[in-house]
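In: Sequence first, predicted model second:
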Amino acid sequence: MKPTRTIQKLAKFKGSGSTSVARKFHFTRERIDALPAPKNGQRAYFYDAKVRGLAIAVTGLGKKTFILYRKVAGRPERVTIGPYLDLAIEQARNRAEEMNADIALGENPAKVRRTVRDEMTLQELFNTFLELYSKKYKKTWSDDQGIFNLHLASWKLRKISSIRKMDVVALHSHIGRTRGQYAANRVVELLCSMFNRAREEWEWTGTNPAAGIKAYPEKKRDRFLQAYELPIFFKALAQEPNANIRDYILISLLTGARRRNIQALRWAEIDFDRAEWKIPETKNGEPMTVTLSAPALNILETRRDSSIGEWVFPGIGTTGHLVEPKSAWKRILKRAATIQMDEWLKANPKSTATDFAKLNPNAGFKDLRLHDLRRTLGSWQAATGASLPIIGKSLGHKSLGATQIYARLNLDPVRDSVNRATDAMFLAGGVAGLLKEGSQ
């Protein structure tokens, strides 16, 4: 008996070239990466052999998206789960299994997502975005909440159909002038993502008012603690009365780990015998092992002796652990400015505090952020000769591109090379003696 035409279509898919690709297989990173883009302009669908209904859609441009394809109440439904690479395969499987369980209980996941209509307010759209997307797929979902509350709360009662592109352009410009260009770009990115989700997944038919707005140019931060800054910084930190904050900042500096991982650090993650910290899941969605130096290990051992809970850095909030200590950080930087001024006035007894302020506009490292402590470790690794792959490995970078900044931060080898070349030129030209005389 010959297979039906439908079964034949499901069995094989003719991609680019003449190679046939199975429609159903066990999803792996290698096999998904190798999937060809269809040439007929339509989407191609491939199904996971492990989880019922889980599929990946491939567009003609090669974009790949996880979906769930199931019949619900006799009607075929396709529900977008999330973009491939943004979601790991296991994350997509877990979400598909959750939706399969909902279907078994008589619910329709697609119907839940068909909730965005013109008459919704921006607050209602954001709530939908937060619950159905941000909290499920972004570890930094609380950042979205903060951006909305700070910059978009004044629009929360506006109907989403009333928000026009010129409104967003004006808002972008206003935030750029008053709050900074980085903040302005993040607001537009959030709005754009919200309206894209509404259009692509929740059947809203309006336009995206945040699409196509030109972002302010951004430069990657390259701030880190320089050698001449470290003595002042350590003095200010040593005078911090809150040991929880003090140790948190020291561990941030000594491990270079992301602050969210440090804040949620559990004692169970630390192997004191091997001097290692095993992070279960990082921003990249992968586990990571952090090497603990002797000073870092000493701080943790001291804290362990007096610890009574699961958290290394306990807090009083709902999470149970420390959250980002912005006020404490400002207090430490203010203390650093005072120490810096006192030392400067001792070295310049005829000067005043006003003179100091004029000559030291960045006193107390006003431009230093908590995240710069992570960059500081990488910078000092570069300065002491570590290779970029080693730096990337220690900081948990997924690609070498994220580590490239440390190549230009390590200027000492460049400076040494220029100095050696200059000395050789003067020596060859017979002017080395004149150079020494002129420099005296």
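Out: Nice, I can see it. Residues are numbered from 1 along each chain as shown.

In: Endpoints of stretch 201-210, how far apart?
Out: 17 Å (Cα to Cα, to the nearest Å).

In: Next: stretch 350-365.
Out: Across stretch 350-365, first to last residue, Cα to Cα, it's 24 Å.

In: going forward can the numbers begin at 44, since that is how I track them
Out: Will do, 44 is the new start, and the previous item becomes stretch 393-408.

In: now it: mean pLDDT?
Out: Averaged over stretch 393-408, pLDDT sits at 83.

In: If I follow the layout properly, residue 188 ends up in contact with residue 174?
Out: No: at 11.3 Å, residue 188 does not count as touching residue 174 under the criterion of Cβ atoms under 8 Å. Bear in mind the C-beta positions are built from the backbone N, C-alpha and C, glycine included.

In: Report the separation between the residue nearest to residue 330 when sequence neighbours are not counted and residue 309.
Out: Distance criterion Cβ to Cβ, 6 or more residues apart in numbering; nearest residue to residue 330, sequence neighbours excluded, is residue 323 at 5.7 Å. For residue 323, the distance to residue 309 equals 9 Å [Cβ to Cβ, to the nearest Å].

In: One more: residue 70?
Out: Going from residue 70 to residue 309 by Cβ to Cβ gives 31 Å.

In: Settle it for me: which of the two has more neighbours?
Out: Higher neighbour count among residue 70 and residue 309: residue 70, with 22 against 14, using other Cβ atoms under 10 Å.

In: Tell me how many other residues crowd the nearest residue to the more buried one once chain neighbours are set aside.
Out: Leaving out its chain neighbours, the residue that sits closest to residue 70 by Cβ to Cβ, 6+ apart is residue 91, at 4.6 Å. When neighbours are counted by other Cβ under 10 Å, residue 91 registers 20.

In: okay, residue 91: pLDDT?
Out: 95.

In: again with the one 5 residues further on
Out: In the predicted model, residue 96 carries a pLDDT score of 92.

In: Would you check how far apart it and residue 280 are?
Out: Per Cβ to Cβ, residue 96 is found 53 Å from residue 280.

In: residues contacting residue 389?
Out: Shown in contact with residue 389 (Cβ atoms under 8 Å, 6 or more residues apart in numbering): no residues.

In: and the residue nearest the centre of the chain, what does it touch?
Out: The centre of the chain sits closest to residue 326, judged by Cα atoms, centre = their mean, with a distance of 6.2 Å. By Cβ under 8 Å, 6+ apart, residue 326 lies in contact with 182-183, 301, 303, 439.

In: By pLDDT, rank those and give me the bottom one.
Out: When these are compared, residue 439 shows the smallest pLDDT, 67.

In: So, low pLDDT: which residues of the stretch 294-443 of the chain?
Out: Low-confidence segments of the stretch 294-443 of the chain, defined by pLDDT under 70: 327-328, 407, 426, 429-431, 434-436, 439-443.

In: picking up where we left off before, and the residue nearest to residue 330, backbone torsions?
Out: Backbone torsions for residue 323, taken as degrees, to the nearest 10, come to phi -60, psi -40.

In: How many neighbouring residues does it have?
Out: Applying other Cβ under 10 Å, we find 12 other residues in the vicinity of residue 323.

In: Which residue ranges of the stretch 44-193 of the chain form strands?
Out: 55-57, 63-65, 67-68, 87-91, 97-101, 107-115, 118-126 (DSSP state E, counting those that start in this stretch).

In: Need the winner for burial among those.
Out: strand 97-101 (a mean of 22; mean count of other Cβ atoms under 10 Å).

In: List the neighbouring strands of that strand plus their orientation.
Out: strand 87-91 (antiparallel), strand 107-115 (antiparallel) (DSSP bridges).

In: which residues sit against that strand?
Out: Here strand 97-101 makes contact (Cβ under 8 Å, 6+ apart) with 70, 75, 78-81, 86-91, 107-112, 124, 127, 135-136, 139.
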